[in-house]
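Student: Sequence first, then the predicted structure:
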Amino acid sequence: DDRTNINGELHSARESAKPNYLKDFTFFGVDLSGQTIIALVVTFVAGRILYNGFSKKTTAVASHILLDDSSEETRKKLEAIKHLIGDDPQKFADMAKTHSKCPSGKSSGGSLGKFSLGSMVPPFEKVVFGQSYKVGIVHGPIETHFGFHLILIHKRDEQRQLVVE
């Protein structure tokens, strides 16, 4: 039939005029247009970007002063220390070396270094990763099963923060 032959030739001519990335392909017996393939590639790339952006662990850098008892007297002592520190990182480090019962206090001024969400006890993480707790401010006293803490958040990865308070 002449029509079928002409339609076939028109399709073939259109296909050969398209750039390679827009040509139709057959994939496992399924005919896919070049535009469908482009849409699939874009969807895949966007999915990878989103996955990588939200699957990386949220991290923070913080220091703390720990007094290893949960008495009212200890809480008041930490409130007094907090008042003396203000929000000064150097004063915080000096007070950690003097008062903290955690080994990090004596050796590194209370620095815990960089750590990921999920590596600390929940009350501690609520402060370090909670959006209502500002970076550069001394927070506490915060009670955990270790005792009372003062916490100074030095840096927090805000972009991927997923903690709900």
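Tutor: Structure received. Numbering: from 1, shown residues only.

Student: Residues in contact with the helix or strand that contains H83: which ones?
Tutor: Element membership of H83, judged by DSSP states H and E, is helix 72-85. The set of residues external to helix 72-85 that reach it, using C-beta atoms under 8 Å, 6 or more residues apart in numbering, is 65, 67, 91-92, 95, 99, 138, 140-141, 143, 147-150. Just so you know, the C-beta spots here come from the backbone N, C-alpha and C atoms, and that holds for glycine as well.

Student: what is the mean pLDDT for that helix?
Tutor: Helix 72-85 carries an average pLDDT of 96.

Student: Which positions in that helix come out as buried?
Tutor: Residues of helix 72-85 classed as buried by neighbour count (16 or more other C-beta atoms under 10 Å): T74, R75, K77, L78, I81, K82, I85.

Student: How about the residue sitting nearest the centre point of the chain, nearest residue that isn't a chain neighbour?
Tutor: Central residue of the chain (C-alpha atoms, centre = their mean): T58, 2.4 Å from the mean position. Among residues not flanking T58 along the chain, L117 sits closest, at 4.3 Å (C-beta to C-beta, 6 or more residues apart in numbering).

Student: If I follow the layout properly, the residue nearest to the centre of the chain ends up in contact with D157?
Tutor: Yes - using C-beta atoms under 8 Å, T58 is in contact with D157, at 5.3 Å.

Student: how about low-confidence regions in the protein?
Tutor: 1-27, 32, 34-35, 37, 49-56, 158-165 (pLDDT under 70).

Student: and if we set it to 90?
Tutor: Scanning the chain for pLDDT under 90 picks out 1-58, 69, 103-107, 116-118, 131, 157-165.

Student: what ranges do the helices span in this structure?
Tutor: Along the chain, the stretches classed as helices by DSSP state H are 2-17, 34-55, 72-85, 89-99, 103-108, 122-129.

Student: can you list contacts of the shortest one?
Tutor: Think helix 103-108. S63, H64, I65, L66, A96, K97, H99, S100, G110, S111, L112.
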